[in-house]
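K.L.:
The sequence and its predicted three-dimensional model are supplied below.
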Amino acid sequence: MVEAPGRFRRNMPDPIPVVVLGRLAVDQSRHGQGIGRALVRDAGLRILQAAEILGIRGILVHAISDDARAFYMAVGFEPSPVEPLTLMATLADLGASLG
């Protein structure tokens with residue numbers, strides 16, 4: 001189990017209900033075109049819709065590399081205090097970053 005920051009686990013049961021986002025990939029020839037951001041946005045919107053029914057608190061992603069970690073941080077995720085390549089976002093933060 002990944003340790004969660006205080007605001008992530010506040011008023012939540014143990015374990016905290018989260019969605020784990022599967023790894024997303026964009027062909028290197030298409031990097032920088034907003035495709036990855038669009039994939040995260042689509043997944044985030046779907047998770048926000050399901051959250052009310054499922055009681056989800058947040059979303060986790062396990063980055064495959066430091067570059068992937070930097071990408072997820074740029075779209076609103078924050079690093080786990082324990083695992084450097086695991087990142088998390090509360091649903092409130094996710095909703096704010098999606099606009």
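P.N.:
Yep, that arrived.
K.L.:
Moving along the chain from the helix or strand of the chain with the lowest mean pLDDT, name the first helix or strand you hit.
P.N.:
Ranking every helix and strand in the chain by mean pLDDT, DSSP states H and E puts helix 6-9 at the bottom, with a mean of 61. Of the helices and strands lying after helix 6-9 in sequence (DSSP states H and E), the nearest is strand 18-21.
K.L.:
outside of that next one, which residues touch it?
P.N.:
40, 43, 47, 50, 56-62, 88 (Cβ atoms under 8 Å, 6 or more residues apart in numbering). C-beta: built from backbone N, CA, C; applies to glycine.
K.L.:
List the buried residues in whichever strand or helix holds A38.
P.N.:
Element membership for A38, per DSSP H and E: helix 35-54. Of the residues in helix 35-54, 36, 40-41, 43-44, 47, 51 count as buried by neighbour count, 16 or more other Cβ atoms under 10 Å.
K.L.:
Farthest-apart pair in the contacts of strand 18-21, please.
P.N.:
With Cβ to Cβ as the measure, no two of those lie farther apart than A50 and H62, at 19.9 Å.
K.L.:
list the contacts for the residue nearest to D93 when sequence neighbours are not counted?
P.N.:
The shortest distance from D93 to any non-neighbouring residue, by Cβ to Cβ, 6 or more residues apart in numbering, is to G76 (5.8 Å). For G76, the contact set (Cβ under 8 Å, 6+ apart) comprises 89, 93-94, 96-97.
K.L.:
about what we covered before: including pLDDT and distance to L21, could the buried residues of helix 35-54 go into JSON lines?
P.N.:
Converted to JSON lines, those look like this (pLDDT from 0 to 100; distance: Cβ to Cβ, whole Å):
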{"residue": "G36", "pLDDT": "91", "distance to L21": "12"}
{"residue": "V40", "pLDDT": "89", "distance to L21": "8"}
{"residue": "R41", "pLDDT": "89", "distance to L21": "12"}
{"residue": "A43", "pLDDT": "90", "distance to L21": "6"}
{"residue": "G44", "pLDDT": "88", "distance to L21": "9"}
{"residue": "I47", "pLDDT": "90", "distance to L21": "8"}
{"residue": "A51", "pLDDT": "87", "distance to L21": "13"}
